[in-house]
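Asker: quick one, what's the 3D model for this:
(chains A, B and C)
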Amino acid sequence: MPELPEVETVVRDLQPCLTGRRLASVRQTSRHSLRTRWRPAWNAAVAGQRVASVARRGKWILVALENGSVLVVHLGMTGQLTLVPAATALADHTHLIFTLDDGAEQLRFRDIRRFGSVTLFPNRQTLEDHFTAARLGPEPFDLDAAYWRQALAGTKRSLKAVLLDQQVVAGVGNIYADEALFEARLHPALRGCDLDARAATHLRRAIATVLRRAIQRRGSSIRNYVGGSGLQGAYQNEFRVYGRAGEPCPRCGAVIECRRLAGRSSHFCPRCQKAISSQRSAVSKSNADR
DNA sequence: ATAGGCGCCTGCTGGC
DNA sequence: TGCCAGCAGGCGCCTA
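Answerer: Just a heads-up that it's a prediction; the model follows:
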């Protein structure tokens, strides 16, 4: 479920509350074989450690411990990482419970669909190696202009596919890809190589704009998402195109469409997210298969 | 290089 | 009311 703004919200919620606290113990509360790569042996490695920092890289939450190891959490589609009073009733699908120093609070990992994961990296280097091996792309807020132009110019994939590719830019998912393309007035079926430098810049800025707005609203809560404090987000109320198929475009009034693209549902305005000359082929083609 | 499909899971919605 | 297909914000793997 969660994309960059949701993960960022979790991190901002947890960072002030968790930093400096000691993880007294870890308990596995689900008998499911977790896709979560948590291993029982890690309990001993984590227990008694203080939290040095809480940060984010792409859609990954990084909880660094004072001994140098890093707890890495991915929320998948339905993951939740929340800090709650220990007396809080245990929600179903809770998989891991970290009890904090005084025992009064717990950090809980809950994941209904179990697409998420929790992994312990023994040190910074192994974590960096992991991201390098996965070729995780740069953060969207400091995209180098030349890098971005080249990333687009060098591919024939659709813009939608490029935005979803974590190796190109880390943190954008289906919702914010659609919202960013609307913001930039670019059709999701355009190919990367169809964009001139100006359009590429528009898109780069649109991504940052949309993500910043969403972070200000604590992300989007569509089904299960909540922040680190358990609060929901509010950006779902401000979607321009995502989930609005059949409704009028907020910019031009045309009917918003939803089509399958890059294997995902893609929402866009067929009028104001148009092709620029050289993209005509891509768009007329996608219009033709209606 | 790229598209498309599947699988991993559970839960909700809409159509009949 | 009940059943069932289809769908959901992620990602890795496979094939063509």
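Asker: from here on, just use CA atoms for contacts and neighbour counts.
Answerer: Noted.
Asker: all helices for the stretch 151-290 of chain A, in order.
Answerer: Assigned by DSSP state H, counting those that start in this stretch, the stretch 151-290 of chain A shows helices spanning A:159-164, A:174-183, A:197-216, A:280-288.
Asker: in terms of mean pLDDT, which of these ranks lowest?
Answerer: Sorting those by mean pLDDT places helix A:280-288 lowest, at a mean of 42.
Asker: how about the residues of the stretch 1-150 of chain A near DNA strand C?
Answerer: A:M1, A:P2, A:E3, A:E6, A:K59, A:G76, A:M77, A:T78, A:F115, A:A134 (Cα under 7 Å from any atom of the strand).
Asker: out of those, which comes closest to A:A189?
Answerer: The nearest member of these to A:A189, counting by Cα to Cα, is A:E3 at 21.4 Å.
Asker: relative to DNA strand B, how far out is that closest one?
Answerer: Relative to DNA strand B, A:E3 is positioned 16 Å away (Cα to the nearest atom of the strand, to the nearest Å).
Asker: local confidence estimate at that residue?
Answerer: 96.
Asker: need the contact list for it.
Answerer: By Cα atoms under 8 Å, 6 or more residues apart in numbering, the residues touching A:E3 are A:K59, A:G171, A:V172, A:G173, A:Y176.
Asker: so what's the second one closest to, chain neighbours aside?
Answerer: The reference is to A:G171. Distance criterion Cα to Cα, 6 or more residues apart in numbering; nearest residue to A:G171, sequence neighbours excluded, is A:G58 at 4.2 Å.
Asker: can you turn the buried part of the contacts of A:E3 into a ChimeraX selection?
Answerer: Selection of buried members from these for ChimeraX, criterion 16 or more other Cα atoms under 10 Å:
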select /A:59,171,172,173,176
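Asker: any idea how far the residue in the stretch 1-150 of chain A positioned nearest to DNA strand B lies from A:A52?
Answerer: Using Cα to the nearest atom of the strand, the single residue of the stretch 1-150 of chain A nearest to DNA strand B is A:R113, 3.9 Å away. Distance of A:R113 to A:A52, given as Cα to Cα, to the nearest Å: 30 Å.
Asker: higher neighbour count, the two?
Answerer: Higher neighbour count among A:R113 and A:A52: A:A52, with 19 against 13, using other Cα atoms under 10 Å.
Asker: need the contact list for the more buried one.
Answerer: Applying Cα under 8 Å, 6+ apart to A:A52 gives the contacts A:T19, A:G20, A:V63, A:A64, A:L65, A:E66.
Asker: repeat that with 7 Å
Answerer: Taking Cα atoms under 7 Å, 6 or more residues apart in numbering, we find A:A52 in contact with A:T19, A:G20, A:A64, A:L65, A:E66.
Asker: close enough to count as contact, the last one and A:V46?
Answerer: No - A:E66 lies out of contact with A:V46 (Cα atoms under 7 Å); the separation is 9.8 Å.
Asker: DNA strand C contacts on the stretch 151-290 of chain A?
Answerer: Near DNA strand C, when you scan the stretch 151-290 of chain A using Cα under 7 Å from any atom of the strand, you find A:164, A:166, A:171-175, A:220-225, A:264-265.
Asker: ok, and the most crowded of those?
Answerer: Within those, most neighbours by other Cα under 10 Å means A:G171, with 30 neighbours.
Asker: bridging residues for A:S25?
Answerer: On the basis of DSSP bridges, A:S25 is bridged to A:T99.
Asker: endpoint to endpoint, stretch A:103-118 covers what distance?
Answerer: First residue to last in stretch A:103-118 (Cα to Cα) measures 22 Å.
Asker: residues near the residue lying closest to A:C252 once chain neighbours are set aside, how many?
Answerer: Once flanking residues are discounted, A:C252 sits nearest to A:C272: 6.8 Å by Cα to Cα, 6+ apart. Number of residues near A:C272 (other Cα under 10 Å) recorded here: 18.
Asker: my read: A:C272 touches A:R185, true?
Answerer: Yes - at 6.0 Å, A:C272 and A:R185 qualify as touching, with contact defined as Cα under 7 Å.
Asker: tell me how far the residue nearest to A:C252 lies from DNA strand B.
Answerer: Applying Cα to the nearest atom of the strand to A:C272 and DNA strand B gives a distance of 22 Å.
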